[in-house]
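Provided below are the primary sequence and the corresponding predicted coordinates.
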Amino acid sequence: MRDLPMPTFPFADLSAPAAPRRLLHRRETPAVDSAADKPRFNVVWARDEDDVRQAQQLRYRVFAEEMGARLTVPRGSPAGHDIDMFDPYCEHLLVRAPDGEGDPGPVIGTYRVLTPANARRVGALYSEGEFDLMRLRPLRTKMVELGRSCVHPDWRSGGVIMALWGALAEFMHRNALDTMVGCASVSMRDGGHFAASLWEQLRQTHLAPIEWRVNPRLPLPVGELRHDLTVEAPALIKGYLRCGAKVLGAPAWDPDFNTADLPMLLRIDDLPARYRKHFLHQ
């Protein structure tokens, strides 16, 4: 995804948001393998620069090496890391696999979370590089932006994502936040026909109310693509929709990541009862 054009805003040191992070209410508990009745992997929030670097290494593996994204990183960044100017202002959620002895091991899944307070510090959301989000202003005081979600290819059976979502839901609840927004990326390796067809399907069934609609700055040229294919939403997007998420408008084209990005919004109040019980124990 493209970075926002903010040439006057320097890349900050990763220690910059340390003070705001201590004010956030977070609880860390290991995800449990019910069959073995013991921790299978740990879900934790990054505490220091090393934690963040490990998340950035996973992102690089997935986005650059696996997906072929052309990443633009700040000068002086270590090789093999996906880094941008928003990272120092985000909370980084990590899932760690156990090592052979059951201790926390490598990072196998991650999300980053930009809180309302730190969004004000940066001056914008990452998504604003791709969409005009003017209509979401009334929601911003309790809205977080999710981004850079990825899971190691060896751990994509679904458990890691469910663990991440559980921690995110608890984070939202504990900090009195009610809205999550972000971009769900769809590969354009087929030229964009799948993405265009997916948008045509979702606009009929999961489009947000008009007062929350947003416009892409570089729209996917749906009219020039096949958009009549019968397609199934990728697992991550399907999961969002099951949780009550809405699509905010037409996809943007991200040439650097070679993806079509669907703007999506999920409000805690829209969580179906079964997910509310699972994630929030309500």
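Here it is on my side, so go on. Numbering: from 1, shown residues only.

Tell me how many other residues crowd the nearest residue to Leu266 once chain neighbours are set aside.
Among residues not flanking Leu266 along the chain, Ala245 sits closest, at 4.1 Å (CB to CB, 6 or more residues apart in numbering). Glycine gets a C-beta too; all of them are placed from N, C-alpha and C. Residues near Ala245, counting by other CB atoms under 10 Å, number 23.

OK, contacts around Ala245?
By CB atoms under 8 Å, 6 or more residues apart in numbering, the residues touching Ala245 are His206, Met264, Leu265, Leu266, Asp270.

Buried subset of those residues, written for ChimeraX?
Selecting only the buried entries of those in ChimeraX, with 16 or more other CB atoms under 10 Å as the criterion:
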select :206,264,265,266
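
Export the contacts of Ala245 as TSV, with columns for distance to Arg53.
Shown next, in TSV, are those (distance: CB to CB, whole Å):
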residue	distance to Arg53
His206	36
Met264	28
Leu265	30
Leu266	29
Asp270	35
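
what's the closest of the contacts of Ala245 to Ala64?
Met264 (23.6 Å; CB to CB).

pLDDT score assigned to that closest one?
Model confidence at Met264, given as pLDDT, is 98.

Which of the contacts of Ala245 fall in strands?
Met264, Leu265, Leu266 (DSSP state E).

So the first one sits against Thr179, correct?
No - if you go by CB atoms under 8 Å, Met264 and Thr179 don't touch, sitting 11.2 Å apart.

just checking, Ser149 is part of a strand?
Yes - according to DSSP: H, G, I helix; E, B strand; the rest coil, Ser149 belongs to a strand.

Next, the closest residue to it other than its chain neighbours: secondary structure please.
Here the nearest residue to Ser149 in space, its sequence neighbours aside, is Tyr111; by CB to CB, 6+ apart that works out to 4.8 Å. Secondary structure, three-state DSSP: Tyr111 is strand.

Just the element for Arg120, please.
helix 116-122 (DSSP states H and E).

That helix - what's its average pLDDT?
Helix 116-122 comes out at a mean pLDDT of 97.
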